[in-house]
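> Take this sequence and fold it.
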Amino acid sequence: MSNEAIIKVRDYMNKNIVGQPELVDGLLTALLADGHILVEGPPGLAKTRAIKLLSECIEGRFHRIQFTPDLLPADLTGTDIYRPQDGTFVFQPGPLFHHLLLADEINRAPAKVQSALLEAMAERQITIGRKTYQLPDLFLVMATQNPLEQEGTYPLPEAQLDRFIMHLQLNYPDQGTELQILRLNHLESKHAAKEQPPVITQVELFEARKDVLSVTIPDILESYIINLTMATRRPYSYDSTDLARWISCGVSPRATMALANCSRVKAWLDGRNYVAPEDIQYCVYPVFRHRIFLSMEAEADRVDANRVIELLTKKVVVG
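Predicted structure coming up:
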């Protein structure tokens, strides 16, 4: 299968979401790499709109959950309902049984809810009592976080953060983009005729995933990916000053696999059957961003994960 159908979806989404190409590409990358995505940004940056538009283009069911401190695991997984006419209990599936799930403000839910979501993300199943139920083959969680409001939030466990294949950070649009957003909103308010979205069946999507896996990574670039990972675990071997001081814990093997898979997707979307160094250097930011744990020295120096990854790509060279 060629990438034409996916490119049509990307063009449709970029036409209806002004100024957020990174978000659109990130969603499509997570979809093609069979992963989940964490999106962080202020309110009003089309995070919800993006996954709703994607759901219009994918054959499947979409559901949005607003995470709150009083949310219960059963609100996600579903629960057994007693039916007096039958004298028995029947399982009522919850929102996790949809194909595309928006977990809005995910860090507002307590640990038990996060545990239920982690099982779904990691194992593609949920457990109710002694029974286990399988989730659909097509299952993507897009979780959002608001960086401006941290009161009443629960930091996500490291194991759960590691389950997100990518972490995107969105910023406010510039002046020109803001004008485009204003005009697009005006057209939609006038109920102008909306373009019909291109629709991809699940069969076509799974074929596209197989094509992505056929994209080759040269041996030298496989070594490059491994070296980037190792540099987060043994930073003193690459830079005994800044990297060694700023990184307290490196990325997991899951990050290595995620970086390889995301790089394959980027190459495939660009129409290539091989991965290039720029694919890896582009994907390393959203793949490593939430997996590198910074030290107290980094906080004192006001250094964030993006700055660390920037230095990482300078210290680790191809070949």
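
> Please identify which helix or strand holds the residue nearest to the spatial centre of the chain.
Note on the chain: the residue nearest the mean C-alpha position is I37, at 1.1 Å, using CA atoms, centre = their mean. Following DSSP states H and E, one finds I37 within strand 36-40.

> what pairs with that strand, and is each one parallel or antiparallel?
Neighbouring strands of strand 36-40 in its sheet, by DSSP bridges, are strand 140-145 (parallel), strand 164-169 (parallel).

> just so I have it, where are all the helices in the chain?
Under the criterion DSSP state H, helices of the chain are mapped to 4-16, 21-32, 47-57, 74-77, 111-123, 158-161, 175-189, 202-213, 219-233, 242-246, 253-269, 277-288, 296-300, 305-315.

> Can you report phi and psi for G94?
The phi and psi values for G94, taken as degrees, to the nearest 10, are phi -100, psi -170.

> Test my guess that it contacts D80.
No - if you go by CB atoms under 8 Å, G94 and D80 don't touch, sitting 11.5 Å apart. The way it works is simple: take the backbone N, C-alpha and C, and place the C-beta from them, glycine included.

> more crowded one of the two?
G94 (21 against 14; other CB atoms under 10 Å).

> leaving aside the residues next to it on the chain, what's closest to the more buried one?
Spatial nearest neighbour of G94, chain neighbours left out: G78 (3.3 Å); criterion: CB to CB, 6 or more residues apart in numbering.

> And the one you found, how close does it get to M142?
Distance of G78 to M142, given as CB to CB, to the nearest Å: 20 Å.

> Turn the strands paired with strand 36-40 into JSON lines, including mean pLDDT, distance to Y133 and mean neighbour count.
Shown next, in JSON lines, are the strands paired with strand 36-40 (pLDDT from 0 to 100; distance: least, CB to CB, whole Å; neighbours: other CB atoms under 10 Å):
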{"stretch": "strand 140-145", "mean pLDDT": "95", "distance to Y133": "16", "mean neighbour count": "24"}
{"stretch": "strand 164-169", "mean pLDDT": "96", "distance to Y133": "23", "mean neighbour count": "24"}
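
> And those strands: which comes nearest R264?
R264 lies closest, by CB to CB, to one member of the strands paired with strand 36-40: strand 164-169, at 12.1 Å.

> How far off centre is the closest one?
When distances are taken as CA atoms, centre = their mean, to the nearest Å, strand 164-169 is centred 4 Å away from the chain's centroid.

> Please tell me I have it right and M166 contacts L38.
Yes - checked against CB under 8 Å, the pair M166 and L38 is within contact range at 7.2 Å.

> about what we covered before: can you tell me which of the helices of the chain is nearest to P136?
Per CB to CB, nearest to P136 of those: helix 202-213, 8.8 Å.

> how distant is the closest one from the center of its chain?
Using CA atoms, centre = their mean, the offset of helix 202-213 from its chain centre is 18 Å.

> Output that helix as CSV, nothing but the C-alphas.
What follows is helix 202-213, C-alpha atoms only, in CSV (Å, rounded to 0.1, in the frame of the first residue of the first chain):
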residue,chain,number,x,y,z
GLN,A,202,-9.0,-0.7,9.4
VAL,A,203,-7.8,-3.2,6.9
GLU,A,204,-6.0,-0.4,4.9
LEU,A,205,-4.5,0.9,8.2
PHE,A,206,-3.1,-2.5,9.2
GLU,A,207,-1.6,-2.9,5.7
ALA,A,208,0.0,0.5,6.1
ARG,A,209,1.5,-0.6,9.4
LYS,A,210,3.0,-3.6,7.6
ASP,A,211,4.5,-1.3,5.0
VAL,A,212,6.0,0.8,7.7
LEU,A,213,7.7,-2.2,9.2
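
> Report the inter-axis angle for it versus helix 4-16.
Direction vectors for helix 202-213 and helix 4-16, defined by axes from the mean of the first three to the mean of the last three CA atoms, to 10 degrees, enclose an angle of 100 degrees.

> nearest residue to L45 other than its sequence neighbours?
Using CB to CB, 6+ apart, the nearest residue to L45 is L170, at 4.8 Å.

> Let me see the contact set for that neighbour.
Residues in contact with L170 (CB atoms under 8 Å, 6 or more residues apart in numbering) are Q20, E22, L23, V39, E40, G41, P42, L45, K47.

> can you redo the residues you listed as TSV with neighbour count and pLDDT?
Converted to TSV, the contacts of L170 look like this (neighbours: other CB atoms under 10 Å; pLDDT from 0 to 100):
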residue	neighbour count	pLDDT
Q20	25	92
E22	15	95
L23	24	96
V39	28	96
E40	18	93
G41	20	90
P42	13	88
L45	21	90
K47	26	92
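
> Out of these, the closest to L269 would be?
Distances from L269 to the contacts of L170, taken by CB to CB, are shortest for E22, at 13.2 Å.

> my guess is that closest one contacts L168, does it?
Yes - using CB under 8 Å, E22 is in contact with L168, at 6.2 Å.

> how many neighbours does H36 have?
23.

> May I ask you to confirm that it is in contact with M121?
Yes - if you go by CB under 8 Å, H36 and M121 touch, sitting 5.4 Å apart.
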